[in-house]
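>>> Provided below for reference: sequence and predicted model.
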Amino acid sequence: QVQLVESGGGLVQAGGSLRLSCAASGRSFSVYAMGWFRQAPGKEREFVASITYNGGRTYYLASLKGRFTISRDNAKNTVYLQMNSLKPEDTAVYFCAAMVGSHYSLEKDYAYWGPGTQVSVSS
């Protein structure tokens with residue numbers, strides 16, 4: 001099992017940037033592909049980005065590619081989400097998760113979740 005805790009959320013103006021971090025503890029972090037999801041008020045949780053266990057490949061929600069960047073540092077047991085040019089519609093609780101299945105964008109293929117961090121973007 002792996003425990004995950006997100007940090008780095010907050011309130012930012014439209015056009016600003018935030019970098020989210022997800023620190024892992026427990027079983028070996030480096031064996032897991034990792035993902036970020038988000039849930040806006042009144043909406044279902046949606047896939048944001050994912051990264052393979054060694055950082056070799058990344059995947060993004062198509063509408064976010066170019067603004068968001070996922071990365072990881074296995075030596076620090078941490079995965080990051082750099083978010084640039086933020087928009088009010090990016091407001092959501094952001095979750096990191098460890099993948100145990102094979103579909104990078106499917107919530108059901110992630111077994112371990114952090115509690116989430118709130119990102120609010122003002123217009």
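Everything's here; your move.
>>> Share the number of residues neighbouring the residue nearest to Gln39 when sequence neighbours are not counted, please.
Nearest residue to Gln39, sequence neighbours excluded (Cβ to Cβ, 6 or more residues apart in numbering): Arg45, at 4.1 Å. C-beta coordinates here come from the backbone N, C-alpha and C atoms, glycine included. Neighbour count of Arg45, defined by other Cβ atoms under 10 Å: 17.
>>> Surely Arg45 touches Ser105?
No: with contacts counted by Cβ atoms under 8 Å, Arg45 stays clear of Ser105, the gap being 11.6 Å.
>>> got any residues that touch both of those two?
Counting by Cβ atoms under 8 Å, 6 or more residues apart in numbering, no residue touches both Arg45 and Ser105.
>>> Not counting sequence-adjacent ones, nearest residue to the residue nearest to the spatial centre of the chain?
In the chain, the C-alpha nearest the mean C-alpha coordinate belongs to Trp36, at 2.3 Å (Cα atoms, centre = their mean). Excluding its sequence neighbours, the residue lying closest to Trp36 (Cβ to Cβ, 6+ apart) is Val48, at 4.2 Å.
>>> what helix or strand does that neighbour sit in?
Using DSSP states H and E, the element containing Val48 is strand 46-51.
>>> which non-adjacent residue is nearest the residue of the chain most remote from its centre?
Most distant from the centre of the chain: Ser123, at 22.6 Å, with distances by Cα atoms, centre = their mean. Spatial nearest neighbour of Ser123, chain neighbours left out: Pro88 (4.8 Å); criterion: Cβ to Cβ, 6+ apart.
>>> so that neighbour touches Gly15, yeah?
No: if you go by Cβ under 8 Å, Pro88 and Gly15 don't touch, sitting 10.5 Å apart.
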